[in-house]
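J.: Need coordinates for the following:
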Amino acid sequence: MLLTILLRHDQTQNLEQLQGKLDDADWWHGFPPDGCEIVSWVVAMGIGQIVTLRLDASDLGKVNVELERRAWGVFSTEFYPTYDFLPVRQRLTRESDQRKKA
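T.: Residues are numbered from 1 along each chain as shown. So this is what the prediction gives:
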């Protein structure tokens, strides 16, 4: 499965405070947990960081625990199960083109 996670920065703290907490929690080495592939990790100004992971559904609990362990106090989190729509879009485009030709 794909899991998109919004990591919204705690704006009551400055960057140095946030980085110190992430370092203390070993964030950069401990997240994501083993078995999860980082598909993308971007910063959206005004929102925070947006992370998309590929993982087995059975690893969802591990992701949650590591976020609780390492991200709380730095980020508020939102989770969205997602999937890769690009192949579906490509198929639908081909089908639409075929209907138009008929």
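J.: which stretches of the chain form strands?
T.: Remark: strands assigned in the chain by DSSP state E are 2-9, 37-44, 48-54, 75-82.
J.: For these, could you give me TSV that also reports mean pLDDT, distance to Asp97 and mean neighbour count?
T.: For the C-beta atoms, the positions are set from N, CA and C on the backbone; glycine is no exception. Compiled in TSV, the strands of the chain are given as follows (pLDDT from 0 to 100; distance: least, C-beta to C-beta, whole Å; neighbours: other C-beta atoms under 10 Å):
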stretch	mean pLDDT	distance to Asp97	mean neighbour count
strand 2-9	96	27	17
strand 37-44	97	29	11
strand 48-54	96	29	19
strand 75-82	94	26	14
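J.: Spatially central residue for the protein, please.
T.: Centroid-nearest residue in the chain: Val51, 2.5 Å away (criterion: C-alpha atoms, centre = their mean).
J.: Would you mind stating the distance between that one and Glu16?
T.: Val51 sits 22 Å away from Glu16, going by C-beta to C-beta, to the nearest Å.
J.: sorry, back to before: name whatever forms a beta bridge with the residue nearest to the centre of the chain.
T.: Bridge pairing for Val51 (DSSP bridges) gives the partners Ile5, Trp41.
J.: and it, what does it touch?
T.: By C-beta atoms under 8 Å, 6 or more residues apart in numbering, the contact list for Val51 reads Thr4, Ile5, Leu7, Pro32, Ile38, Ser40, Trp41.
J.: closest to Leu55 among the residues you listed?
T.: The nearest member of the contacts of Val51 to Leu55, counting by C-beta to C-beta, is Pro32 at 7.7 Å.
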